[in-house]
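> Using only what follows, build the 3D model:
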Amino acid sequence: MNVQAFDLRDDDRRPPVDDLVGIVQRGLRARPKRLPSWLFYDERGSQLFEAICEQPEYYLTRCEIALMAAHAGEMAEVLGEDVRLVEYGSGSALKTQMLLAHMHAPVSYVPVEISTEPLRLCVQDLAVRFPQLPVQALHSDFTRALRLPIPPRAPRRTVLYFPGSTIGNFDARDATSLLRKMRGEMGDNGGILIGADLKKDTATIEAAYNDKAGVTAEFTLNMLVRLNREIGSDFDLGAFRHRSHYNAMAGRIETFLVSARDQRVRVGRQSVPFAHDEAMQVEYSCKYSPADFAALAGKAGLEVIRAWTDPQGMFAVYYLMRAGTRARLAQ
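Below is the predicted model of the structure:
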């Protein structure tokens, strides 16, 4: 195993408790109330998300794995050799391993993950599968500016890998801002390999976020467990329920925690009222047609160079480079 795999850099920018209290208080003063979706991902939340991916209704992971099985070799050819691969939200890195297996002489792999234990497990798994690969783990929130580790040798290009459909958790403005940040981090010659869920029928989409086993509901409510533990709030888990529905006009799943009764919740020194049936927004999951996604990339100064879909046409992976690259390559 390359010794760099043990170098777990701690660049975690999660806010201290006082700041977290302020973030939650501001969110609960908004109309409608809202909490940021990154609050899902404490250690338990990360475990629950892995369990969501195994539910029969959750088509996204199965379709993306089928896509990678069919096209990972083509993707590796497009990326080229001597690539530094930086993954946002690495988790278990299962899809990443499928890509790395086809890549020629990668310079290094930089998994960026906010949850410590999944990051350590990812590093351990890769050490077994790819013992010669330099792994430079970065414990950080990928939505903030990253201090990427110095690579062991000069890469031909840096490629940011953003699998899953996490880009869909950001509204259009924030997604554009994140893609602009990624454009800066990849450099002039770099690229972004990114997954996005495709638009499809409402029933299929809604079932994926309301599994019969209730894992997604537990995942959503775990946000309140985390807040009670970390900032001393007193959310009553039995007094909130999970609700997800597909807003076809906006092209997104909207997930809420809904108050089951009139109640008050203590957050710091504030007592926050909730009315019966009041919905607190906790996540969006945007779905994109290929044209939608190309337009989003364009707003961030990027363009789609290649696109792949799974055999069922449910999910897409795009390779983005700086706008104008296609014309330069054609010259």
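> Pull out the buried residues from the strand or helix carrying Glu230.
In this structure, Glu230 sits in helix 215-231 according to DSSP states H and E. For helix 215-231, a neighbour-count test (16 or more other CB atoms under 10 Å) marks 215-224, 226-227, 231 as buried. For every residue, glycine as well, the C-beta is placed using N, CA and C.
> Do a quick rundown of the helices in the stretch 1-150 of the chain.
Listed in chain order, the helices of the stretch 1-150 of the chain (DSSP state H, counting those that start in this stretch) span residues 17-29, 43-52, 59-79, 94-100, 116-129.
> who wins for proximity to Arg144 among those?
helix 17-29 (13.1 Å; CB to CB).
> Quick one: mean pLDDT for the closest one?
Per-residue pLDDT values across helix 17-29 average out to 89.
> just stretch 245-261 next, same as before
So the average pLDDT for stretch 245-261 ends up being 97.
> repeat for stretch 166-173
Rounded to a whole number, the mean pLDDT of stretch 166-173 is 93.
> any low-confidence regions in this protein?
For the chain, applying pLDDT under 70 flags the ranges 1-18, 331.
> got a list of contacts for the helix holding Glu230?
Surrounding helix 215-231, the residues in contact under the criterion CB atoms under 8 Å, 6 or more residues apart in numbering are 17, 20-21, 24, 35, 39-40, 42, 44-45, 48-49, 51-52, 55, 209-210, 233-235, 237, 240-242, 244, 255, 257, 267-268, 282-283.
> how about 7 Å then?
Counting contacts by CB atoms under 7 Å, 6 or more residues apart in numbering, the residues outside helix 215-231 that touch it are 17, 20-21, 24, 35, 39-40, 42, 44-45, 48-49, 51-52, 55, 209-210, 233-235, 237, 240, 242, 255, 257, 282.
> could you check the angle helix 17-29 makes with that helix?
130 degrees (axes from the mean of the first three to the mean of the last three CA atoms, to 10 degrees).
> Neighbouring strands of the very next helix or strand once past helix 215-231 in the sheet, and parallel or not?
Heading C-terminal from helix 215-231, the first helix or strand you meet, by DSSP H and E, is strand 240-247. Taking DSSP bridges as the criterion, strand 240-247 sits next to strand 252-259 (antiparallel) in its sheet.
> Okay, buried residues for the partner strand please.
Applying a neighbour-count criterion of 16+ other CB under 10 Å, the buried positions in strand 252-259 are Arg252, Ile253, Glu254, Thr255, Phe256, Leu257, Ser259.
> Quick check on the contacts of helix 215-231: which are buried?
20-21, 24, 35, 39-40, 42, 44-45, 48-49, 51-52, 55, 209-210, 233, 235, 240, 242, 255, 257, 282.
> Mind listing residues that contact the helix or strand where Val272 lies?
Using DSSP H and E, Val272 falls within strand 270-274. For strand 270-274, the surrounding residues in contact (CB under 7 Å, 6+ apart) are Gln25, Leu28, Ser259, Gln263, Arg264, Val265.
> Same list (the buried residues of strand 252-259) but as JSON lines, adding distance to Tyr59.
Putting those into JSON lines (distance: CB to CB, whole Å) gives the following:
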{"residue": "Arg252", "distance to Tyr59": "16"}
{"residue": "Ile253", "distance to Tyr59": "13"}
{"residue": "Glu254", "distance to Tyr59": "19"}
{"residue": "Thr255", "distance to Tyr59": "17"}
{"residue": "Phe256", "distance to Tyr59": "22"}
{"residue": "Leu257", "distance to Tyr59": "24"}
{"residue": "Ser259", "distance to Tyr59": "30"}
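> coming back round to it: turn the helices of the stretch 1-150 of the chain into TSV, including distance to Arg173.
Formatted as TSV, the entries for these read as follows, by distance: least, CB to CB, whole Å:
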stretch	distance to Arg173
helix 17-29	17
helix 43-52	25
helix 59-79	23
helix 94-100	27
helix 116-129	29
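> Among these, which comes closest to Leu178?
With CB to CB as the criterion, Leu178 lies closest to helix 17-29 of these, at 18.2 Å.
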